[in-house]
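Q: Using only what follows, build the 3D model:
(one chain, ligands or ions: 1)
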Amino acid sequence: MFGKVLKLLNGHRTHNLLLINVRNLNAASQTHGAVSATPPPPTSEAERQEETSQTQSLQKSLHIAVIGVPNVGKSTFINNIINHRVCPTSAKVHTTRKSHSAICTTGQTQLVFHDTPGLVTQREIRKHNLEQSFKSSYRHAIQNADVIAVMHDASNSWTRKELHPTVLDTLKAYANLPSFLILNKIDVLKSKRVLLDLIKTLTNDTLTGKRSTKGVPVRNDVEQVEPAVDTRLRQRTTNWSHFHDVFLVSGLTGNGLDELQDYLQDLAKPRAWKYASDVHTDASPEALIVESVRARLLDYLPQEIPYNLKCELEYYSVEKNVIYTSVQVQCPTQRIERLICGESNGKLRQITERVTSDLVEMFGQAVSLTISTFATTGKKSN
Ligand SMILES: Nc1nc2c(ncn2[C@@H]2O[C@H](COP(=O)(O)OP(=O)(O)OP(=O)(O)O)[C@@H](O)[C@H]2O)c(=O)[nH]1
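A: Below is the predicted model:
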């Protein structure tokens, strides 16, 4: 099934096409990595291999695991820093349910951001009806990362003074990896003065004295994490002394993202790219469509209701550069189905229009979307 979809997408590729499945992209990256002046075409297989290996020897890449508690703005940040919408976002927690990669290739350097589900406790898993795999999904992302980016919401006056225990546990578990802190949502702060105190508090004052302006990193001299720290002290702590840098950004407005891009480019390691240069995500189009519907249901429906809905892809096809797709939303009761549809299906129409515009932005081509609802105790409508 997927092979067919991929073929169709490739057949209709435009410069805006964002999505390619990456199951077998190592081979593709060898050809997409070609650079600069056009050499004469290689005449033999040996010459072709030589050219490929020369191209790869110039390539650099960096894998960044972006972690943080739900709703700190991880997905919004990733979409903006790679300059493509590939991660569905919403105003509610737990929009991202599975880790996936967002890729940005500039010149010889490929940055691969691993978007992760917000770190959760067992209690939160029960409350929001989340999959058990949710809790451990981010581990896979971190295992493939060169560096950990901890995203923290600087605008939330209730939580901003402490790193969440789940974040600290992760940093301790992967203390061998370098990490940096991103203070996000600085656009919301009326006075930026609070940020210096916040940096001191969250980093245990290991980065002060080197603060620069406008979202530029604050460098840390600590190059190595000392392994032997008293375990009891660690349990009580709410900060991390081993961040290498701090960035002040607004993932929403883009403030501070250019500096962060430059910083990550500098950290990139010489090695062959994992993805072709025109790939922006490893998620399949089908998965992105379903996740986009789910994200907007979170926005449009109150409280816990959207967490109990099940979204499934009914249909997907690309014809003459138009994506035709249909998603079914399974509702636990007819009452909830009526709530989604609204009077004369007005609300469902609104949701469908909103998701359609998200998908047009995501795929860079026309999208025809149908959302149908189905109550497990009643009949189907759309
Ligand atoms: N004001 C402001 N809002 C932001 C910023 N970044 C994200 N948001 C908002 O914060 C909410 C959550 O953003 P997401 O990107 O979905 O957050 P997330 O961390 O990926 O959320 P989970 O999927 O729950 O882990 C959305 O309503 C965003 O518009 C920012 O820099 N400034």
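
Q: from here on, contacts and neighbour counts on C-alpha atoms
A: Will do.

Q: pLDDT averaged over stretch 373-382 - what is it?
A: Regarding stretch 373-382, the rounded mean pLDDT is 68.

Q: Equivalent analysis for stretch 120-131, please.
A: Model confidence over stretch 120-131, given as mean pLDDT, is 72.

Q: swap in stretch 67-77?
A: Rounded mean pLDDT across stretch 67-77 is 93.

Q: I would like the residues contacting it, please.
A: 66, 87-89, 91-94, 96, 115-120, 138, 148-153, 164, 166-167, 184-185, 250-252, 254 (CA atoms under 8 Å, 6 or more residues apart in numbering).

Q: change it to 6 Å
A: Residues lying outside stretch 67-77 but in contact with it, judged by CA atoms under 6 Å, 6 or more residues apart in numbering, are 87, 93-94, 118-119, 150-153, 251.

Q: Same check on stretch 89-108?
A: Contact with stretch 89-108 is made by 59, 70-71, 82, 110-117, 277, 280-282, 295, 299, as judged by CA under 6 Å, 6+ apart.

Q: Can I get it in PDB? Just the C-alpha atoms.
A: Coordinates of the C-alpha atoms in stretch 89-108 are reproduced here as PDB (Å, rounded to 0.1, in the frame of the first residue of the first chain):
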ATOM      1  CA  THR A  89       0.000  21.400  17.100                       C
ATOM      2  CA  SER A  90      -2.900  22.300  19.300                       C
ATOM      3  CA  ALA A  91      -3.600  24.400  22.400                       C
ATOM      4  CA  LYS A  92      -4.200  21.200  24.500                       C
ATOM      5  CA  VAL A  93      -1.700  18.900  26.000                       C
ATOM      6  CA  HIS A  94      -0.600  15.500  24.400                       C
ATOM      7  CA  THR A  95      -1.000  16.500  20.800                       C
ATOM      8  CA  THR A  96       2.100  14.600  19.900                       C
ATOM      9  CA  ARG A  97       1.600  10.900  20.600                       C
ATOM     10  CA  LYS A  98       4.600   9.400  18.900                       C
ATOM     11  CA  SER A  99       8.200  10.500  18.300                       C
ATOM     12  CA  HIS A 100       9.000  11.400  14.800                       C
ATOM     13  CA  SER A 101      11.700  13.300  12.900                       C
ATOM     14  CA  ALA A 102      11.700  16.700  11.300                       C
ATOM     15  CA  ILE A 103      14.500  17.400   8.900                       C
ATOM     16  CA  CYS A 104      16.100  20.600   7.700                       C
ATOM     17  CA  THR A 105      19.100  20.500   5.200                       C
ATOM     18  CA  THR A 106      21.000  23.600   4.500                       C
ATOM     19  CA  GLY A 107      24.200  23.500   2.400                       C
ATOM     20  CA  GLN A 108      26.200  20.600   3.600                       C
END
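
Q: how about that stretch: buried residues?
A: 89-90, 92-105, 108 (16 or more other CA atoms under 10 Å).

Q: so how far is the lengthiest helix in the chain off the chain centroid?
A: Counting residues, the longest helix in the chain under DSSP state H turns out to be helix 346-363. The gap between the average C-alpha position of helix 346-363 and the chain average comes to 20 Å, counting by CA atoms, centre = their mean, to the nearest Å.
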